[in-house]
Each structure stands twice: as C-alpha cells, then as structure tokens.
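> Build me a structure from this.
(one chain, ligands or ions: 1)
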Amino acid sequence: NMPPLQACYNLMDFETVAREVMRKTSWAYYSSGADDEITMRENHSAFHKIWFRPRILVDVEQIDISTTMLGSKVSIPFYVTATALGKLGHPEGEVVLTKAAHQHNVIQMIPTLASCSFDEIVDARQGDQVQWLQLYVNKDRNITQRIVAHAEKRGCKALFITASGGTAVDRSQGAARAISSFIDPSLSWKDIPWFKSITTMPILLKGIQSVDDIFRAIDAGVDGVVISNHGGRQLDTTPSAIEILAEAAPALRARGLEGRIEIYIDGGIRRATDILKALCLGAKGVGIGRPFLYAMSAYGVNGVNHAMQLLKDEMEMGMRLIGASHIKDLNASLLDTRSLQGG
Ligand code: FNR
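Reported below is the predicted structural model:
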C-alpha cells in the first residue's frame, strides 16, 4: 500500500511516505532532533519569515540554474550533505545517493560515519562526478591524517571539517554515541594550520553558528564555511542557518568581505524557494540531508532522482517568477527580510 513515486509532488511528501514504511528505529534516527526539536522545526519555518520582492518584465525565456561550487560545475545549487548510517534506510546505503547525484550532476558529501566504506562510495562514482569528504576529527591525529590523505588520493575535491561543541550526533541514540566517541572534543582554531599542512584540498568548516565565527574562519584562512546547526540535532534553541546568514550578509558587506570565502548553509531546505532565499543572501549553495534519506528509504535511487528533479522543476519556475534568469542575478534586493529581523 505504498503510494506510487509519481504521487510525491514535493520533498515533504517523501517524509510522509518514509514515516509509514521505514523501520521505527531507523525513522527515529533520521527524523529526530535534539531535546524539544525547536531548532529542527525552526530550520524550515524560518524561511517562511522571508518574502520575495519579484521583478516583472525581466526576460526569463531562458533560465540557467547551473552554478559552481568550489570550482566544480553543478546543475543546481544544492549538494547532498553528509548524513551517517545510510543503510538504516536502504540496504545499499550511501551509494544510492552517489548514483542519484551523478544522474543530476550535483555533489555528494561523503560522511565519516557512512554505512558503506569510503572506498565503496568513491568506487560508485561515475565519470567526472565530484565528491567531498565530511570529516569528524579523530582524537588520534595519525588516523585523521591517513583519512584525509586517502580521500585526497581518491579524488575528493574538498574537506569539510564538522566542528561542534563536543559530542556528535544526538545523545539519545546509544549506537550513535558509541560510534562517535572517537571524535576529538579538544579540536580548536589552533588546529587549522595543521589541516592546511596535510592537504591541498580546500578546507571548509561545517557547523558555524555565529557571525563572529564566520569572521574568525576568514581570519583562519579556510576556503569556506557551512552555517549549520546539524539539522537541529545538537544544541536545541540555536537559530536557523538562514537567520544567521541574513545577519552575516550585511556585516560581511560592511567589512568588504563579501565573496571572500564560499558560504553554504544547510538545515530545513525543502523547497527551491528556500534555496533561492539562501542564494539571494549570498550563499554559494545549500546542503540537503533528510529529504534524500527519506526518498532513498522509501523508493531507492528512483526516489532520490525524483526528489532532485522536483527541486530542479521548482527552481526553474521560481527563478522565472522572481524575474532572475541566471544564478548571478539573485541578490538581496529580491527579498524582504523585515519579518525575520522583527523576530
Ligand atoms: C546528520 N548530519 C551529519 N553531519 C555531519 O557532519 N556528520 C554526520 O555524520 C551527520 N549525520 C547525520 C545523520 C542524520 C540522520 C541527519 C539527519 C543529519 C547533519 C547533516 O549534515 C545536515 O547538517 C542536516 O541534515 C541538514 O538538515 P536537513 O536538510 O536534514 O534538514
């Protein structure tokens, strides 16, 4: 009694189906957030406090939604972000996401805590498909160095270091805690030069949650940041990434730092209008997590392909209706963020 894939008209529909068909424990791991899940809900609802200011009489006959991320060409400005334990949702795990990412020419970020081995996920790559590595930093820096060197050798194009206040993944999960106990809680800004010394990959910090830390990241000489509260799975009642981005954009402009590093956001992105808002505020792209896990769990690779196609269709329509034909046409003048700032 599973609804046919064609009955999924948007990314939320995959969540509805996944809740019905997934194993209860797997569903709980994918869908949950920390504490009262206030941040998790806010991640999506914050987008509803931003309004568009569409422009009329713009030639939108030809729409081009392609862009670049860290120098790689992509068909649409989102990437598949790193999420642990893909086999909880599908027996083939993360390689399902690899196949769909190839189909749609988007980038996949490989998680440290994948169910498939790192090499399996790299081996599933086709053609000139681009992958990034998400790194949890091991207390044993020799292990960390080996992981990074291996990823670089196997062609990963960027290193995303997940930075968080200590424990990774949510505390309610015994298994998650067990597999994340290797993560080094002493990781600090002082370690950035060491990472730069062990790799030529661009280095990005994933998990920035304040404007001050964006400036700090620029000072530290990293190549980019991901503003993220880890899908609302860590400290509850932290703000949404889009809200921090809205605060950061004018602050960066005021200091002449606009465009100095690539800024990404993740958390709660479910609609192309969410992607458009992030790009108008200066993000180079966005990461999407749970929706692809749900699509994969319910329908396998066809589901993820369909989810990505829905986003592409929405994106083209959104650009047309806003009055922007190219990604470079997206800017803050197309948004009204007063409700966001008003609380
Ligand atoms: C995550 N996330 C995550 N992040 C990370 O750096 N390493 C990891 O191992 C994981 N694992 C993980 C598992 C699951 C089930 C989820 C849902 C999330 C966080 C992830 O990269 C991203 O920040 C959020 O998923 C983005 O929010 P949405 O798109 O899921 O709302």
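> quick one, strands of the stretch 201-343 of the chain?
For the stretch 201-343 of the chain, the strands defined by DSSP state E, counting those that start in this stretch occupy 203-208, 224-227, 262-266, 285-288, 335-336.
> Tell me who's in contact with the residue nearest the centre of the chain.
Per CA atoms, centre = their mean, the C-alpha nearest to the average position across the chain is that of residue 287, at 1.8 Å. Shown in contact with residue 287 (CB atoms under 8 Å, 6 or more residues apart in numbering): 78-81, 109, 226, 228, 264-266, 269. (Glycine included, C-beta is placed from N, CA and C.)
> Out of these, which is nearest to residue 185?
Nearest to residue 185 among these is residue 228, at 18.4 Å by CB to CB.
> okay but the closest one is in contact with residue 207, surely?
Yes - with contacts counted by CB atoms under 8 Å, residue 228 reaches residue 207, the gap being 5.3 Å.
> More neighbours: which of the two?
Legend: neighbour count by other CB atoms under 10 Å for residue 228 and residue 207, higher for residue 228 (29 against 20).
> shaky segments in this protein?
165, 167-178, 343 (pLDDT under 70).
> Can you report how many residues neighbour the closest residue to the ligand within it?
The ligand sits closest to residue 289 of the chain, with a gap of 2.5 Å, by CB to the nearest ligand atom. As a burial measure, residue 289 scores 21 neighbours (other CB under 10 Å).
> List the contacts of residue 100.
Here residue 100 is in contact with 80, 292, 296, 301, 304-305, 308 (CB under 8 Å, 6+ apart).
> Please flag which of those sit within helices.
Members of these lying in helices (criterion: DSSP state H): 292, 296, 301, 304-305, 308.
> Dump these to TSV, plus neighbour count.
Shown next, in TSV, are the ones in helices among the contacts of residue 100 (neighbours: other CB atoms under 10 Å):
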residue	neighbour count
292	26
296	28
301	18
304	29
305	19
308	25
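> Now stretch 269-282: buried residues?
269-282 (16 or more other CB atoms under 10 Å).
> For burial, what's the neighbour tally of residue 221?
11.
> same check, this time on the one 3 residues further on
The number of residues packed around residue 224, counting by other CB under 10 Å, is 23.
> That one is in contact with residue 261, isn't it?
Yes - if you go by CB under 8 Å, residue 224 and residue 261 touch, sitting 4.9 Å apart.
> residues in contact with residue 102?
Counting by CB under 8 Å, 6+ apart, residue 102 touches 125-127, 129.
> Tell me the spacing between it and residue 221.
32 Å (CB to CB, to the nearest Å).
> ditto for residue 288
Residue 288 is 28 Å from residue 221, by CB to CB.
> repeat for residue 295
Residue 295 is 37 Å from residue 221, by CB to CB.
> How about residue 269?
28 Å.
> again with residue 74
For residue 74, the distance to residue 221 - CB to CB - is 25 Å.
> returning to that earlier point: which of the buried residues of stretch 269-282 sit farthest apart?
270 and 282, at 20.5 Å, using CB to CB across the buried residues of stretch 269-282.
> picking up where we left off before, mind putting the ones in helices among the contacts of residue 100 in a markdown table, distance to the ligand included?
Below are those laid out as a markdown table (distance: CB to the nearest ligand atom, whole Å):
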| residue | distance to the ligand |
| --- | --- |
| 292 | 8 |
| 296 | 11 |
| 301 | 18 |
| 304 | 14 |
| 305 | 18 |
| 308 | 14 |
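> Out of those, which comes closest to residue 49?
Nearest to residue 49 among the ones in helices among the contacts of residue 100, with distances taken as CB to CB, is residue 292, at 25.2 Å.
> Give the full set of residues in contact with that closest one.
Neighbours of residue 292 in contact, by CB under 8 Å, 6+ apart: 80, 97, 100, 304, 307-308.
> let's see 6 Å
80, 304 (CB atoms under 6 Å, 6 or more residues apart in numbering).
> do the same with residue 99
Going by CB under 6 Å, 6+ apart, residue 99 touches residue 301.
> Can you pull the residues of the stretch 201-343 of the chain lying near the ligand?
Selection of the stretch 201-343 of the chain residues close to the ligand by CB under 6 Å from any ligand atom yields 206, 228, 230-231, 233, 266-269, 287-290.
> Hmm, residue 211 and residue 251 touching each other?
Yes - Residue 251 lies in contact with residue 211 (CB atoms under 6 Å); the separation is 5.4 Å.
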